[in-house]
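**Student:** just to be clear, the model below is a prediction. Sequence and coordinates:
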Amino acid sequence: MDLIIRNGTIVTASDIMQADVGIEAGKVKQIGYGLGPAAREIDARGQYLFPGGVDVHTHVDFALLGHRSVDDFYSGTVAAACGGVTTIVDYALPEPGQSIQETIETWQKKAQGKAVIDYSFHPAILEPSARIIAEMADAVADGYTSFKLFMIGLARFDELAPQYMKVMAQAGRLGALTNIHAEDQCLISYLTEQLNAAGKFGVRYFADSRPRLAEGLAVQRAITMARYAEAPIYLVHLSCEEALRPLAEARACGQIVYGETRPIYLHLSRERFEEPDGERYVGWPPLREASQMQAMWDGLRTDTLQTVATDHCGWTLAQKKAGKTVDELLPGMSNLETMLPMLYSEGVRKSRLSLNRFVEIVSTNPAKLFGLYPQKGTIAVGSDADIVLFDPHKIVTIRHADMHSRADYELYEGFQVTGWPAMTLSRGEIIVDNGKVLGQAGRGRLLRRQRFTVL
Ligand SMILES: [Zn+2]
């Protein structure tokens, strides 16, 4: 065998066991006791072995509102690897008139030669024309088995809603999952206009322009549309109980609908917008009241929510502060490197999540929902050896200077966490060892994904 990891505690979505892991040709070859010999051995005593994180919501090389994000597929995936994430699924957004295939090619050019970990794309649909709907079958056959819809202005959702329902229906027929950004643009537009007319510019008013009810309303609408389109849907970055309530109800009725939340809604609340440089926390949807953080933890524990994903998008503080009115503030932030340690420290250590549930929501569930399981998302014989050696006792104070994204500020500056990745392996190769990046640019592979299967 090429490599044996000895004495670690393997954690999967279902089991916790003390065993050695033998790796050959990039895959897990054996799990057991007294394995060997191997060309190289690692002692993981006192450490957890988690399957690498699967972050199914990233924008690592992205343009929005006239700005270009600062990470590319090298810096973005290095940040991911340092934080224990070994797979990303990035959103590929078309230019006007681009076909789905051209969009994927554009994104593949961004990733090729740069990515340090494996990756795939969700094609976004911004023009739900008959031509684009006809192209979806080829995309699914090529291994792009999920699509993204935005219920907001950039996709002209309110105007084109019946066409978007056809997209959902077609995805359902093809065995693909439709990912939906659910916020009601009518309310957002109206409230934004009111704020602007009253001279209420700036980040302290931002959360008022996109209230919880705007999210709840859109979630309810998306679920109802999906029901009639007979299509499974996956609601991205949910932030509040108004969104979780209709989701829980639909799931209880047996509808195939899933929910994702995002680290910021678990760790931060809207008071942050009052801070100097409060723009650094702007996302769509906004941070909510502190009470909502508990609702998100509860949603994860009770399986109303199935996944956590970062929505990573690295900007400089100057870019974040460039907008004047609430609708000009750039959404998104760098947080790929901190997702696992923050969730472990705040979730597992504070008894909000079990160890197995932690692995399930950051690795197993996203891999299953997006057609990557069991190649990714678990530690099992035959799976890719994407493994994080995680030191559960290491105390780290999060500092921008130690991070690998090209963003020039750190969201969790000064936060102290207990638990940090000691080593990250991708397909059996050590790509990060104690903070030292060993993985070469371009070693990451494009993943063709299987069709959606129910969770
Ligand atoms: Zn996003």
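**Tutor:** Arrived safely.

**Student:** which strand residues bridge H122?
**Tutor:** Beta-bridge pairing for H122 (DSSP bridges): Y91.

**Student:** oh, I was asking about I180
**Tutor:** Bridge pairing for I180 - DSSP bridges - gives L149, L235.

**Student:** what residues are up against it?
**Tutor:** By Cβ atoms under 8 Å, 6 or more residues apart in numbering, the contact set of I180 is K148, L149, F150, M151, A222, I233, Y234, L235, V236. (Each C-beta comes from the backbone N, C-alpha and C, glycine too.)

**Student:** need the contact list for D311.
**Tutor:** D311 makes contact with H57, T58, H59, V236, H237, R262, G283, G332, N335 under the criterion Cβ under 8 Å, 6+ apart.

**Student:** could you rerun that using 6 Å?
**Tutor:** H57, H237, R262 (Cβ atoms under 6 Å, 6 or more residues apart in numbering).

**Student:** circling back to that earlier point, take the contacts of I180 and lay them out in TSV including pLDDT and distance to S120.
**Tutor:** Below are the contacts of I180 laid out as TSV (pLDDT from 0 to 100; distance: Cβ to Cβ, whole Å):
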residue	pLDDT	distance to S120
K148	98	13
L149	98	18
F150	98	19
M151	98	23
A222	98	23
I233	98	19
Y234	99	15
L235	99	20
V236	98	16
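
**Student:** would you turn those residues into CSV with distance to I430 and neighbour count?
**Tutor:** Below are the contacts of I180 laid out as CSV (distance: Cβ to Cβ, whole Å; neighbours: other Cβ atoms under 10 Å):
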residue, distance to I430, neighbour count
K148, 33, 22
L149, 39, 25
F150, 38, 23
M151, 42, 23
A222, 42, 26
I233, 38, 28
Y234, 33, 26
L235, 36, 27
V236, 32, 24
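
**Student:** now render those as TSV, adding distance to A295.
**Tutor:** Rendered in TSV, the data for these read as follows (distance: Cβ to Cβ, whole Å):
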residue	distance to A295
K148	25
L149	25
F150	24
M151	21
A222	19
I233	21
Y234	19
L235	15
V236	17
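
**Student:** going by distance to V11, which of those wins?
**Tutor:** Nearest to V11 among the contacts of I180 is Y234, at 24.7 Å by Cβ to Cβ.

**Student:** could you pull out the strands for the stretch 351-455 of the chain?
**Tutor:** With strands called from DSSP state E, counting those that start in this stretch, the stretch 351-455 of the chain shows them at 387-397, 416-426, 429-433, 436-437.

**Student:** strands - which of the contacts of D311 land there?
**Tutor:** Applying DSSP state E to the contacts of D311, the entries found in strands are H57, H237.

**Student:** between the contacts of D311, which is closest to S291?
**Tutor:** R262 (17.2 Å).

**Student:** that closest one against H237, yeah?
**Tutor:** Yes. Using Cβ atoms under 6 Å, R262 is in contact with H237, at 4.4 Å.

**Student:** about what we covered before: most tightly packed of the strands of the stretch 351-455 of the chain?
**Tutor:** Mean neighbour count (mean count of other Cβ atoms under 10 Å) peaks for strand 416-426 among the strands of the stretch 351-455 of the chain, with a mean of 22.

**Student:** partner strands of it, parallel or antiparallel?
**Tutor:** Paired with strand 416-426 in the same sheet, following DSSP bridges, are strand 387-397 (antiparallel), strand 429-433 (antiparallel).

**Student:** grab the nearest non-local neighbour of M17.
**Tutor:** In space, and not counting its chain neighbours, M17 is closest to I10: 5.2 Å by Cβ to Cβ, 6 or more residues apart in numbering.

**Student:** which strands and helices lie in contact with the host helix or strand of the one you found?
**Tutor:** Here I10 sits within strand 9-11, counting by DSSP states H and E. Applying 3 or more Cβ pairs under 6 Å, 6 or more residues apart in numbering; DSSP states H and E, one finds that strand 9-11 contacts strand 48-51.

**Student:** and the strand it packs on, what does it pack onto?
**Tutor:** For strand 48-51, the packing partners by 3+ Cβ pairs under 6 Å, 6+ apart come out as strand 9-11, strand 387-397.

**Student:** show the subsequent helix or strand relative to the first one.
**Tutor:** The element immediately downstream of strand 9-11 (helix or strand, assigned by DSSP H and E) is strand 16-18.

**Student:** what's the mean pLDDT across that next one?
**Tutor:** For strand 16-18, mean pLDDT rounds to 97.

**Student:** how far off strand 416-426 does the helix or strand just after that strand point, in degrees?
**Tutor:** Following strand 16-18 in sequence order, the next helix or strand is strand 20-24 (DSSP H and E). Interaxial angle, strand 20-24 versus strand 416-426 (axes from the mean of the first three to the mean of the last three Cα atoms, to 10 degrees): 40 degrees.

**Student:** how far does strand 20-24 sit from its chain's centre?
**Tutor:** 28 Å (Cα atoms, centre = their mean, to the nearest Å).

**Student:** what pairs with it, parallel or antiparallel?
**Tutor:** Partners of strand 20-24 in the sheet, by DSSP bridges, are strand 3-6 (antiparallel), strand 27-32 (antiparallel).

**Student:** can you show me the CA trace of the shortest one as PDB?
**Tutor:** What follows is strand 3-6, C-alpha atoms only, in PDB (Å, rounded to 0.1, in the frame of the first residue of the first chain):
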ATOM      1  CA  LEU A   3       0.000   5.000   2.800                       C
ATOM      2  CA  ILE A   4      -1.400   3.900   6.100                       C
ATOM      3  CA  ILE A   5      -2.900   6.200   8.700                       C
ATOM      4  CA  ARG A   6      -2.700   4.500  12.100                       C
END
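
**Student:** how about the spatially most central residue of the chain, nearest residue that isn't a chain neighbour?
**Tutor:** By Cα atoms, centre = their mean, the chain has its centre lying nearest to A309, at 2.5 Å. Spatial nearest neighbour of A309, excluding adjacent residues (Cβ to Cβ, 6+ apart): H57 at 3.5 Å.

**Student:** can you give me the neighbour number for the one you found?
**Tutor:** Number of residues near H57 (other Cβ atoms under 10 Å) recorded here: 25.

**Student:** tell me who's in contact with the residue nearest to the centre of the chain.
**Tutor:** D55, V56, H57, E260.

**Student:** of the residues you listed, which is the most crowded?
**Tutor:** Going by other Cβ under 10 Å, D55 tops the contacts of A309 with 30 neighbours.

**Student:** now that residue: phi and psi?
**Tutor:** With angles defined as degrees, to the nearest 10, D55 sits at phi -100, psi 110.
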